[in-house]
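Colleague: What follows is a predicted structure for the sequence shown.
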Amino acid sequence: MITTTGIPTDLQQIADKVKAGQRINDEDCLLLFEKASLGFVGRLANEIKERLHGNKVFFNRNFHIEPTNVCVFSCNFCSYSRLYAHREEGWELSIDQMLHMVKKYDGKPITEVHIVGGVHPKMDLPFFADLLKAIKTHRPELHIKAFTAVEYDYMFRKAKVSAEEGLKFLIAAGLDSIPGGGAEIFHPEIREKICADKVDADGWLNIHETAHKLGLHSNATMLYGHIEKYEHRIDHMRRLRELQDKTKGFNTFIPLKFRNKDNDMSNVPESTHIEDMKMYAIARIYLDNFPHLKAYWPMLGRQNAQLTLSFGVDDIDGTIDDTTKIYSMAGAEELNPSMTTAELITLIKQARRIPIERDTLYNEIRSFEGIKIEANPELN
Ligand code: V47
Ligand code: SF4
């Protein structure tokens with residue numbers, strides 16, 4: 001059946017639900033993936049984005065520390081890690097080296113350090129607690145967003161502590177929030193094929209639920225565009241939506257496009273740009289209880305990240321300052337990911353949006369509406 005506007009009735013019913021602020025179900029979501037045009041989902045997602053945040057697009061000033069790329073796990077999509085047996089090919093940073101990286105930003109208006117890396121058998125819970133303490137002692141106001149649920153699961157099991165005990169210990173040392181990595185695809189049919197040996201869906205969700213109960217906020221990711229089917233993406237988002245209903249602890253959802261360079265899944269083609277934009281739009285429509293949707297520009301590239309701002313995205317992460325290797329090693333366009341604040345602002349303004357600098361928890365620091373960015377050295 002087709003409506004007078006030319007839109008199939010089933011799709012029109014979904015549009016009516018979204019416009020009325022109602023939640024769509026899994027069948028609706030599958031229909032959007034399979035049948036809806038990019039324009040159709042894009043319009044709906046944009047409506048939701050503007051209802052939530054008007055014309056604002058958020059960014060922050062951050063840098064990454066990747067303590068090591070040595071990893072006990074062997075995820076097939078990972079281009080970044082080196083097994084412990086080949087650790088001479090990777091890197092292992094000491095606390096002093098990492099503190100030195102933090103000190104490079106002394107006097108600069110950075111608000112967040114994002115710490116994530118491989119799972120190294122010798123970097124344990126006391127080591128990371130000492131790292132957090134050293135950073136907080138040096139710069140107490142710097143927000144530390146650190147370690148994925150995969151890293152927590154390993155370090156807590158090794159230390160023989162529960163998620164609650166381990167997280168409390170790290171919060172006391174300076175942990176402020178948790179990034180969204182390690183989620184990949186929750187469904188066991190796919191998880192067993194792409195990352196069989198690391199924490200499963202329940203373990204990942206349990207760590208985030210525990211963190212939320214302890215008052216921490218966290219993010220959630222999904223690695224899409226490889227061997228998974230739409231049903232697996234929907235299953236993944238449903239589990240996140242259910243947990244968010246319980247805890248309200250997630251800040252943002254970050255779809256991560258699978259990149260296929262130099263990994264054991266290099267034979268799997270990457271998704272098209274149209275598929276990427278549809279993924280963002282449908283995530284915005286389905287995850288009605290997630291306040292934010294982030295496009296991570298080092299992985300998508302600047303121009304595609306800019307395009308997502310018309311497909312439901314309200315956040316493009318941070319300046320990064322060339323401090324992450326995960327995506328460049330996997331084939332992302334951004335070989336040396338770094339943008340000045342002025343470049344981030346320009347990118348957002350070119351999409352006719354209002355750039356808002358935020359902190360990690362989305363408190364607004366400064367609006368750049370109407371501010372001339374040329375010849376403003378503070379933004380470089
Ligand atoms: O979990 C690894 C992904 C993630 C590949 O919370 C790959 O603000 C694509 O989670 N192709 C880690 N993706 C990074 C991450 C993240 C990034 C930015 C911001 C936040 C946040 C979190 O990177 C891993 C995995 O899903 N990844 N290899 C690859 N070949
Ligand atoms: Fe290790 Fe993470 Fe790479 Fe998996 S994705 S091999 S857990 S570094």
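Modeller: Here it is on my side, so go on. Ligands and ions are numbered 1, 2, ... in the order given.

Colleague: how close does Arg87 get to ligand 1?
Modeller: 19 Å (Cβ to the nearest ligand atom, to the nearest Å). (C-beta placed from N, C-alpha, C; glycine too.)

Colleague: Next one: that residue, what pLDDT does it get?
Modeller: We note a pLDDT of 80 for Arg87 in this prediction.

Colleague: Then Ala220?
Modeller: pLDDT at Ala220 comes out at 98.

Colleague: residues in contact with it?
Modeller: For Ala220, the contacting residues are 180, 183, 208, 240, 250, 252-254, 290, by Cβ atoms under 8 Å, 6 or more residues apart in numbering.

Colleague: what's the closest of those to ligand 1?
Modeller: Set against ligand 1, the nearest of those by Cβ to the nearest ligand atom is Gly180 (3.7 Å).

Colleague: Verify the contact between that closest one and Asn219 for me.
Modeller: Yes: between Gly180 and Asn219 there is a contact at 3.3 Å, judged by Cβ atoms under 8 Å.

Colleague: one step back: looking at the contacts of Ala220, which are in helices?
Modeller: 208, 240 (DSSP state H).

Colleague: Touching both of Gly180 and Asn219, which residues are there?
Modeller: 252-254.

Colleague: Contacting ligand 1 as well, which ones from the residues you listed?
Modeller: Applying Cβ under 6 Å from any ligand atom to the shared contacts of Gly180 and Asn219, one finds that Ile254 fall near ligand 1.

Colleague: mind giving me JSON lines with the shared contacts of Gly180 and Asn219 and columns for pLDDT, neighbour count and distance to Ile48?
Modeller: What follows is the shared contacts of Gly180 and Asn219, written out as JSON lines (pLDDT from 0 to 100; neighbours: other Cβ atoms under 10 Å; distance: Cβ to Cβ, whole Å):
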{"residue": "Thr252", "pLDDT": "98", "neighbour count": "24", "distance to Ile48": "14"}
{"residue": "Phe253", "pLDDT": "98", "neighbour count": "26", "distance to Ile48": "13"}
{"residue": "Ile254", "pLDDT": "98", "neighbour count": "24", "distance to Ile48": "17"}
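
Colleague: In contact with the residue of the stretch 101-250 of the chain found nearest ligand 1: list those residues for me.
Modeller: Closest to ligand 1 within the stretch 101-250 of the chain is Gly181: 2.5 Å, counting by Cβ to the nearest ligand atom. Shown in contact with Gly181 (Cβ under 8 Å, 6+ apart): 116, 148-150, 221.

Colleague: So Pro140: helix, strand or coil?
Modeller: Assigned by DSSP: H, G, I helix; E, B strand; the rest coil, the conformation of Pro140 is coil.

Colleague: what's the burial count for it?
Modeller: If you count neighbours by other Cβ atoms under 10 Å, Pro140 ends up with 8.

Colleague: So which of the contacts of Ala220 belong to strands?
Modeller: Residues of the contacts of Ala220 located in strands (DSSP state E): 250, 252-254.

Colleague: Looking from ligand 2, tell me which residue of the stretch 151-300 of the chain is nearest.
Modeller: Closest to ligand 2 within the stretch 151-300 of the chain is Lys198: 5.3 Å, counting by Cβ to the nearest ligand atom.

Colleague: My guess is that residue contacts Cys75. True?
Modeller: Yes: between Lys198 and Cys75 there is a contact at 6.8 Å, judged by Cβ under 8 Å.

Colleague: tell me the phi and psi of the residue of the stretch 151-300 of the chain closest to ligand 2?
Modeller: Dihedral pair for Lys198: phi -100, psi 180, per degrees, to the nearest 10.

Colleague: Fine by me, thanks again.
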